[in-house]
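Colleague: The sequence and its predicted three-dimensional model are supplied below.
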Amino acid sequence: MNKNQSLPWDHPRFRSWIAVARACQLMQQSLTRSLADLDIKPPHLDILVNLYRFEGISQQQLARKLLVGRSNMSMLLPQMEKRGLIERRGDTRDKRVLRLYLTGEGRRLTEAAMAIQTDLIERTLSDEPIEQCMATADSMERIIARLLKDLRDDDD
């Protein structure tokens, strides 16, 4: 860089990128701390909430929704199954596909965890006007779409 070029941290987009990254990191740390009494971590909560919303989702569909590889699923799902939170069942039409379901205990834990997460979100964002929350969500969703497109383009 020559001295006429601005440094990256002086650029508004860089500042925005760093702020989003730091907020995300701190949100994960806060959520991890808040969920500790339930003995689950944010990746477990992501799985549980998706199974709560999309009962019978396949492992492959879940991995795509969570933007993680099958190896991550292969590590987390057996732990959760062993704890009695989820169960895997074969698909009635395609024996190669495993479908995921919450157990009764998994459903109770998910509801408790969602209450904790909702409370954390409310405490964190309560001073932000709803319009600002919606504008931030819209902006983040556009960024997510662009990043997903870039990832798909790289895979082609």
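Modeller: Structure's in. What do you need? These numbers were taken from a predicted model, which means no experiment stands behind them.
Colleague: Going by C-alpha atoms from here, please, whenever you check contacts or count neighbours.
Modeller: Will do.
Colleague: Which stretches in this structure count as helices?
Modeller: Assigned by DSSP state H, the helices in the chain fall at 12-35, 42-53, 59-66, 70-82, 104-125, 130-155.
Colleague: any idea which of those is most buried?
Modeller: helix 42-53 (a mean of 18; mean count of other Cα atoms under 10 Å).
Colleague: Mind exporting the C-alpha coordinates of that one to PDB?
Modeller: C-alpha atoms of helix 42-53 as PDB (Å, rounded to 0.1, in the frame of the first residue of the first chain):
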ATOM      1  CA  PRO A  42     -25.300 -23.200  20.200                       C
ATOM      2  CA  PRO A  43     -24.700 -25.900  17.500                       C
ATOM      3  CA  HIS A  44     -27.000 -28.300  19.500                       C
ATOM      4  CA  LEU A  45     -29.600 -25.600  19.800                       C
ATOM      5  CA  ASP A  46     -29.500 -25.000  16.000                       C
ATOM      6  CA  ILE A  47     -30.200 -28.700  15.500                       C
ATOM      7  CA  LEU A  48     -32.900 -28.900  18.100                       C
ATOM      8  CA  VAL A  49     -34.700 -25.800  16.800                       C
ATOM      9  CA  ASN A  50     -34.700 -27.100  13.300                       C
ATOM     10  CA  LEU A  51     -36.000 -30.400  14.300                       C
ATOM     11  CA  TYR A  52     -38.700 -28.600  16.300                       C
ATOM     12  CA  ARG A  53     -39.700 -26.600  13.300                       C
END
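Colleague: what residue ranges in the protein score low on pLDDT?
Modeller: Applying pLDDT under 70 to the chain picks out residues 1-5, 156.
Colleague: Much appreciated, bye for now.
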